[in-house]
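A.B. asks: Structure of the sequence below:
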Amino acid sequence: MSDPKINEQTPKDDTETQENERFLNGKSEFEHDSELEKTLPADPDKPSQPGKMTFWLSLAVMATVLGSPAQFGYNMGVINAPESTIRAFYKRVYLADAGKELLDSDLNFIWSATVSVYAVGGMIGSASAGFFANLLGRKKALLCNNAIAVLGGVIMFSARYVGDSSYSLLATLMIIGRIVVGVNAGVNTIVAPMYVSEIAPLDLRGNLGTLFQFGVVLALFFAQILGLPMLLGNETYWNYLLGLTVVPAMFQLVVLTICPESPRFELINKNNKDAAIAGLKKLRGRSDVTEDISFLEKEHKMESAEKKFTVMELLTDFTLREPLVIALTLQVAQQLSGINAVNFYSTTIFKQAELSEQSSRFATVGTGGSQLLMIMPTIFLMDRVGRRTLMLFGTGGMCVCSGLVVLFTLLTKTGSSIFMWLNLASVFGIMGSFSVAPGPVPWLITAELFSQGPRAAAMSLAGATNWIMTFLVGLAFESVLCVSVARAGRLHVVLVFMVLDYVFWLFIFMKVPETLFSSV
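C.D. replies: Purely as a prediction, here's the structure:
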């Protein structure tokens with residue numbers, strides 16, 4: 001029996017109830033709204049002129065995509081290919097320093113820590129990003145963040161020389177360097193998409209927003225190529241490979257400096273209308289930006305009228321419980337899908353599948369190539385096929401391919417090389433399926449599930465959840481992998497990811513609505 005007080009609602013409460021019913025009704029309601037929108041006249045508040053890629057807009061987007069997500073993707077993948085080389089260096093320094101061999105269990109622990117502390121830095125960076133974006137501005141926050149990237153690159157580059165005779169110093173510098181570049185990545189994941197969305201015309205925000213994931217995948221692919229033994233992934237140059245994170249940072253420092261600041265920040269945060277108009281004239285490539293300024297002012301007025309939620313308020317608001325559970329579950333699903341296990345440890349996985357050291361490194365490059373290949377059509381399909389459909393396809397693909405990895409790894413013992421190559425193709429399938437939707441979509445859906453009031457708090461919780469899961473996967477997978485191989489001789493741990501992917505597929509099928517037509 002419902003409380004009679006609930007029925008005594010104000011018009012505002014009626015609206016909230018309708019919104020909750022609309023969410024719970026799922027896909028059909030979103031599709032109904034899309035048909036309804038076709039019969040409505042154009043919103044007079046929105047700029048009537050279609051957006052276009054002007055020189056300054058293109059330059060600013062290029063500087064952001066090839067700078068910020070490139071640093072994130074590069075440092076995510078760079079530690080993978082030279083793993084055996086760096087491990088050997090750790091052992092050699094320990095032997096010279098301590099006069100005895102480094103135990104494999106201790107090496108596995110320190111390597112897991114070196115890999116996973118990247119996410120610790122990410123949590124720190126993402127938690128502080130909003131403060132610095134509002135204090136300094138979006139562009140200046142990104143420019144200052146490059147100093148952090150340079151510092152982290154210098155620390156990791158110099159670790160080889162400074163820690164050459166001290167194992168503890170070597171391990172400490174490597175871990176500190178990974179934390180520092182992690183802080184850089186955390187800031188980039190928040191501020192870079194914010195900057196791009198605020199400088200982009202309204203009708204181009206969705207397409208330009210997906211370029212962040214493209215930048216991540218592109219940089220990860222190049223990190224894997226440069227990590228090949230004949231290039232930088234060898235005993236002589238591995239520290240140069242880690243230090244190259246300064247390159248996209250320096251590129252962004254040079255190019256983004258001459259680009260306009262976010263007009264939204266200039267107008268709303270600094271109350272500098274003249275600077276906002278000047279920036280919009282550059283970005284839009286026209287002298288009359290009256291409509292754009294008017295739209296920004298009205299958009300800000302609408303946002304200001306809605307109550308802002310703190311994280312605690314969001315967690316305790318029952319009406320937002322279901323969208324919050326969906327948003328956080330999708331972030332957990334992204335990490336427990338097995339993607340970062342492959343990103344961090346694919347070279348080890350391939351060696352356990354009977355590939356040689358050199359072949360394993362080439363295969364690691366292939367994983368980045370498969371991601372890059374699949375992210376390109378996703379950019380165009382996102383606003384045509386829908387988020388939910390792509391999530392079902394991508395998560396289902398990862399589930400099937402994970403099962404095939406287990407199967408073909410077990411069949412490799414028959415001695416037939418065909419199963420080794422089928423295993424390789426299955427890992428590529430995991431990476432490609434991830435790029436279809438499990439990579440970019442959770443962030444997009446989180447923004448679309450919430451209105452302006454609780455959206456910032458929801459995005460903060462989603463970001464924290466994602467980085468925590470990245471840390472746990474990076475720290476635990478190496479140990480779990482070693483136990484699995486020691487007891488079973490094969491990669492049965494991948495079977496766990498297959499089961500998890502299936503569970504997440506069922507969750508998406510039953511609980512996640514289509515948000516393609518929602519208003520952000």
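A.B. asks: Do I have it right that residue 423 meets residue 406?
C.D. replies: No: using CB atoms under 8 Å, residue 423 is not in contact with residue 406, being 9.2 Å away. Using the backbone N, CA and C atoms, a C-beta is placed for each residue, glycine as well.
A.B. asks: Tell me the buried residues in whichever strand or helix holds residue 364?
C.D. replies: Here residue 364 is covered by helix 357-385, with elements defined by DSSP states H and E. Residues of helix 357-385 classed as buried: 360-372, 374-375, 378-379, 381-382, 385 (neighbour count, 16 or more other CB atoms under 10 Å).
A.B. asks: which element follows it toward the C-terminus?
C.D. replies: Remark: after helix 357-385, the chain's next helix or strand is helix 387-411, criterion DSSP H and E.
A.B. asks: Measure how that next one sits relative to helix 357-385, angle-wise.
C.D. replies: Comparing the axes of helix 387-411 and helix 357-385 via axes from the mean of the first three to the mean of the last three CA atoms, to 10 degrees yields an angle of 160 degrees.
A.B. asks: Next, the buried residues of helix 387-411.
C.D. replies: Within helix 387-411, the residues scored as buried using 16+ other CB under 10 Å are 387-411.
A.B. asks: Report all helices and strands that it contacts.
C.D. replies: With contacts defined as 3 or more CB pairs under 8 Å, 6 or more residues apart in numbering; DSSP states H and E, helix 387-411 has these neighbours: helix 357-385, helix 417-436, helix 441-449, helix 493-511.
A.B. asks: Could you find the closest non-adjacent residue to residue 261?
C.D. replies: Of all residues not flanking residue 261 in the chain, residue 139 sits nearest, at 4.7 Å (CB to CB, 6 or more residues apart in numbering).
A.B. asks: before we move on, which element is the one you found in?
C.D. replies: Applying DSSP H and E, one finds residue 139 within helix 138-162.
A.B. asks: just checking, what packs against that helix?
C.D. replies: Contacts defined by 3+ CB pairs under 8 Å, 6+ apart place helix 138-162 against helix 68-77, helix 104-136, helix 167-199, helix 238-243, helix 246-256.
A.B. asks: change it to 7 Å
C.D. replies: Counting by 3 or more CB pairs under 7 Å, 6 or more residues apart in numbering; DSSP states H and E, the packing neighbours recorded for helix 138-162 are helix 104-136, helix 167-199, helix 238-243, helix 246-256.
A.B. asks: lowest-pLDDT helix or strand in the chain?
C.D. replies: The helix or strand of the chain with the poorest confidence is helix 27-38; it has a mean of 36 (mean pLDDT, DSSP states H and E).
A.B. asks: Just checking, which helix or strand succeeds it along the chain?
C.D. replies: Where DSSP H and E defines the elements, the next helix or strand beyond helix 27-38 is helix 55-65.
A.B. asks: Name the residues of that next one that come out as buried.
C.D. replies: Buried residues in helix 55-65, counted by 16+ other CB under 10 Å: 56, 57, 59, 60, 61, 62, 63, 64, 65.
A.B. asks: farthest-separated two in the residues you listed?
C.D. replies: 56 and 65 (14.9 Å; CB to CB).
A.B. asks: any idea how far stretch 282-301 is from the chain center?
C.D. replies: Its chain's C-alpha centre and that of stretch 282-301 lie 30 Å apart, by CA atoms, centre = their mean, to the nearest Å.
A.B. asks: Tell me the buried residues in it?
C.D. replies: Buried-residue list, stretch 282-301, by 16+ other CB under 10 Å: 282, 283, 284, 289, 291, 292, 293, 295, 296, 299.
A.B. asks: Is the residue nearest to residue 261 in contact with residue 264, as I believe?
C.D. replies: No: with contact defined as CB atoms under 7 Å, residue 139 and residue 264 do not form a contacting pair (11.7 Å).
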